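Engineer: Return a 3D structure for these sequence lines:
(one chain, ligands or ions: 2)
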Amino acid sequence: MSREVSHKYGTAYQVFHRALDECEINLSRELLTRSHKALESTNRSLKLKNEEIFEVTQAITHDLRKPLASLKAMISLLGKGGLGALTAPQQEAVDTASEANDYMMNLVGDLLEAARLETGRKLMDLQETLLRPLVARVRRRFRYQVEESAIGIEVENLPETAWCDEAALEKVFMNLIGNAIAYIGDNKKVIRIGGSVDGEFVHVTVADTGIGIPESSLPRVFEKFHRGENAAGTRGTGLGLGIVKAIVEAHGGEISVESLVGKGTTVSFTLPLRNRPTRNSYRANPTAPAGSIGI
Ligand SMILES: Nc1ncnc2c1ncn2[C@@H]1O[C@H](COP(=O)(O)OP(=O)(O)O)[C@@H](O)[C@H]1O
Ligand SMILES: [Mg+2]
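Structural biologist: Ligands and ions are numbered 1, 2, ... in the order given. This is a model prediction of the structure:
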C-alpha cells in the first residue's frame, strides 16, 4: 500500500472513531438525563409519601394526646386517694396503669418527633450552647432513678460549648443518659460523660458500665422501633437512638456506638464547634431567623 493510501485510510479510521466516541458520549448523556429525571420523579413521590406519613402521624398523635392526658389526671387522682383510700392491690393496679399511661405518652411524643425529623418539619435554632449547664439539667431530671439505683455519674472534660439547638441537644442527652441508666445492670454502675475539642468539632461521649449490646445487635441500634434482646424487662419505644442520630446528623455531626457485653457501652458523637454551613443547610427555611435550619 502506498503511503498516500494508508494515510487516507488512517484519516478515515480516525474520523470513524471520533464519530463512534461522539455517539457514545451522546448515548451516555441521554442515559444520564433519563436516570436523572427518573430519580427526580422518585424523589418527588418519596417526599409526597413522607408528607402523607407525617400528616397521618400528626393526626393520630394529636388525637391520642388529649385522652392520654385525661387518663393521666384520672390515674393521678385515684393514686392520691382523691376518690377514696385504696387497698394495697388497688394501689398496685393504679401504679401499673400509671406506668402504661406514661409509656403511651412517651411513644406518642417519640413518634411525632421521629416524623418531624424525617420530614424536615423540625426547625433548628442554632446557637452557641453551654454544654455543662445543659447536662446538669438532664442529670437533675434523672436524679430519683440515679439515687434509687445507686449510679455514679461523672462529668469530665466536657467541652464548654457547641454550635447547636439547645432543646434538640437536651433530647440527645435525655435519650443517651436515659439508656445508660436503663441498661446499667448490676455491675459497677458508673456513667461517664466527657469529650474533647478537635479542630472545628466537639466530640462528646456518654459511656456506661452496663450490660452492653451483643455484637450482632450493634448494626441495628439506630433503627426505628428496634429494641435489643438485652432490653427485655425494660420499658422503651425503640425510637430513642434513631431520634438521637437524626438530630446529630442534622447538625452535620456523626454518631457511633461501641459496646462489650457485660462491660458497657459508649456512644460518641460530634457537633460543630462554631457556626458553619452544615450538610443539611440546603434545607434552610428562608423565612426562619438566621441560624435556623429545618431538618
Ligand atoms: N447504653 C446502652 N446499653 C445497652 N444497650 C443499649 C444502650 N443503649 C441502647 N441500647 C440498645 O439499643 C436498643 C435501641 O435503643 P433505643 O433506640 O434508645 O430504644 P429503647 O431504649 O426504647 O429500647 C435498646 O433496645 C437496647 O437494646
Ligand atoms: Mg432508649
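Engineer: going forward, measure contacts and count neighbours with C-alpha atoms only.
Structural biologist: OK.
Engineer: Tell me where the protein has strands.
Structural biologist: Under the criterion DSSP state E, strands of the chain are mapped to 123-130, 152-156, 161-165, 190-198, 201-208, 255-260, 264-272, 292-294.
Engineer: roughly how far out does the second one sit from the chain middle?
Structural biologist: Its chain's C-alpha centre lies 24 Å from the corresponding centre of strand 152-156 when counted by CA atoms, centre = their mean, to the nearest Å.
Engineer: How about the fourth one?
Structural biologist: Here strand 190-198 shows a centroid-to-chain-centroid distance of 19 Å under the convention CA atoms, centre = their mean.
Engineer: can you check the first one too?
Structural biologist: Using CA atoms, centre = their mean, the mean C-alpha position of strand 123-130 is found 17 Å from that of the whole chain.
Engineer: Pro272 against Glu249, yeah?
Structural biologist: No: contact criterion CA atoms under 8 Å: Pro272 and Glu249 do not qualify, at 10.7 Å.
Engineer: Looking at these two now, which is surrounded by more residues?
Structural biologist: Between Pro272 and Glu249, Pro272 has the larger neighbour count (other CA atoms under 10 Å), namely 24 against 19.
Engineer: The more buried one pairs with what?
Structural biologist: For Pro272, the beta-bridge partners under DSSP bridges are Phe201.
Engineer: Can you name the residues of the stretch 51-200 of the chain that neighbour ligand 1?
Structural biologist: 179-180, 183 (CA under 6 Å from any ligand atom).
Engineer: Filter these down to the buried ones and hand me the ChimeraX line.
Structural biologist: To isolate the buried ones among these in ChimeraX, judged by 16 or more other CA atoms under 10 Å, type:
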select :179,180,183
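Engineer: got the residues of the stretch 51-200 of the chain next to ligand 1 as CSV, with pLDDT and distance to Val56 columns?
Structural biologist: Output for those, formatted as CSV (pLDDT from 0 to 100; distance: CA to CA, whole Å):
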residue, pLDDT, distance to Val56
Asn179, 97, 29
Ala180, 97, 32
Tyr183, 97, 33
